[in-house]
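# all I have is the shape, not the residue letters:
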């Protein structure tokens, strides 16, 4: 339950930052996708059914503050969770480097699917043209990954959660 | 994942049960976003204060605190003056439009930056409903797509899912204005025989049942006739600067339905 509470609070804080900072500071689209980083962290370190549901909830929360299609980010974050879960199990590692790589790939893919998913016919050529910009945003998210992982690690220690290695 | 796919494929109707938790989240985060918006408002002043203070310290260290206080007050007053001017302009606009409207503050933006939406400080407690028109003193802003009791979300007209009925003010050529991925606007379905020129103003036609007729949408920047298509490619620069919006006006009264004839 503590994991759920910790990630839920972290998601709300991340959403509050993601929805306010880009509007008030001239950073363009360079705001990291903090909730996605949290989903990768969750997928790499927590492997229960409730954790998968939590990833869905995190995506749903993004959907509540973005775009017009409810479920798009819920799907992408659940998928991200599943990939992070599978990869950490396969590689038997929760290394931050893997997390950085996963965040970059997942952020690019999520951005691309968001563009394609919201305007499947008109935006198909535009979505390809947007790939460099999406990759840049994904790189910013990847850069922030070690700090978010470290903050979550601190949070877990603060609420008395033991950081266990991935089971073989 | 199946659940997410189900949500996506369901094509939720306005007010659907699955939408309720998202409105709850909107309601829940509003106080935090309001506080952050206030901090952001003040922080611009703090940055200027800092640079001012560096100079003042060099000239006379004894006056530092006094200058800090005065500068802070001045920034605060300037900010209040700007806010007052924004609200006065909105009030004036409401009187010009002679319609019922509610002023709201912009407290947040889209969470992913792929879509173009804004979060407003007013909600259903203030009489707001889904699909109401949102405008600013510069022009059309968008329409409400989600309304929680104390906050709401507006879909900007430059989002690639947005669309509104509009016409060229000079030639009266009518079309659908929608967003493109680069944040600008395009006008679709305008016959290539129409006399549309760069520099023309584009205004709402009032035919979509959301926006009243005659509101400024933007200015045509480019007209081309590439390809064998039936329609012109028209680029429009939005009248409103969505990145700098601080206050908007939400029209709570539906515009009168017009017959599909914009000439005259």
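Nice, thanks for sending it over. Fair warning: this is a prediction, and the values are worked out from it, not measured in the lab.

# tell me the mean pLDDT for stretch B:113-125?
Confidence over stretch B:113-125 (mean pLDDT, whole number) is 87.

# and it, how far apart are its ends?
28 Å (CA to CA, to the nearest Å).

# in that stretch, what's buried?
For stretch B:113-125, a neighbour-count test (16 or more other CB atoms under 10 Å in any protein chain shown) marks B:113, B:114, B:115, B:116, B:117, B:118, B:119, B:120, B:121, B:122, B:123, B:124 as buried. Where C-beta positions appear, they are placed from N, C-alpha and C, glycine not excepted.

# for stretch B:66-83, same thing?
Within stretch B:66-83, the residues that qualify as buried are B:67, B:71, B:75, counting by 16+ other CB under 10 Å.

# let's see which of the residues you listed end up in helices.
B:67, B:71, B:75 (DSSP state H).

# can you redo the residues you listed as CSV with pLDDT and distance to residue B:193?
Formatted as CSV, those follow (pLDDT from 0 to 100; distance: CB to CB, whole Å):
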residue, pLDDT, distance to residue B:193
B:67, 77, 65
B:71, 79, 60
B:75, 75, 55
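
# closest one to chain A out of these, please.
When these are ranked by distance to chain A (CB to the nearest CB), residue B:75 comes first, at 15.4 Å.

# residue closest to the middle of chain B?
In chain B, the residue lying closest to the centroid (CA atoms, centre = their mean) is residue B:141, at 3.4 Å.

# tell me who's in contact with residue A:66.
Counting by CB atoms under 8 Å, 6 or more residues apart in numbering or on different chains, residue A:66 touches A:73, A:114, B:110, B:111, B:112, B:114, B:115, B:117.

# which SS state does it fall under?
Three-state call for residue A:66 (DSSP: H, G, I helix; E, B strand; the rest coil): coil.

# mind checking how far it is from residue A:42?
Residue A:66 is 19 Å from residue A:42, where distance means CB to CB, to the nearest Å.

# which elements pack onto whichever helix or strand residue B:81 is part of?
Assigned by DSSP states H and E, residue B:81 belongs to helix B:64-97. Helices and strands touching helix B:64-97, by 3 or more CB pairs under 8 Å, 6 or more residues apart in numbering or on different chains; DSSP states H and E, are helix B:20-59, strand B:101-109, strand B:247-251.

# looking at chain A, which helix or strand is least sure?
Ranked by mean pLDDT, DSSP states H and E, the weakest helix or strand in chain A is helix A:124-129, scoring a mean of 65.

# how about the next helix or strand along the chain from that one and chain B, touching?
Once helix A:124-129 ends, the next helix or strand along the chain (criterion: DSSP H and E) is helix A:131-158. Yes. Using CB under 8 Å from any CB of the partner chain, helix A:131-158 reaches chain B at residue A:137.

# buried ones in helix A:131-158?
By neighbour count on 16+ other CB under 10 Å, the buried set for helix A:131-158 is A:133-134, A:137-142, A:144-145, A:148-149, A:151-152, A:156.

# and it, how far from the chain's centre?
Remark: helix A:131-158 is offset 8 Å from the chain centroid, using CA atoms, centre = their mean, to the nearest Å.

# quick one: contacts for the residue nearest to the spatial centre of chain A?
Centroid check for chain A by CA atoms, centre = their mean gives residue A:36 as the closest residue, at 0.8 Å. Applying CB under 8 Å, 6+ apart to residue A:36 gives the contacts A:77, A:80, A:103, A:106, A:107, A:110, A:141.

# having no further points to raise, I will conclude here.
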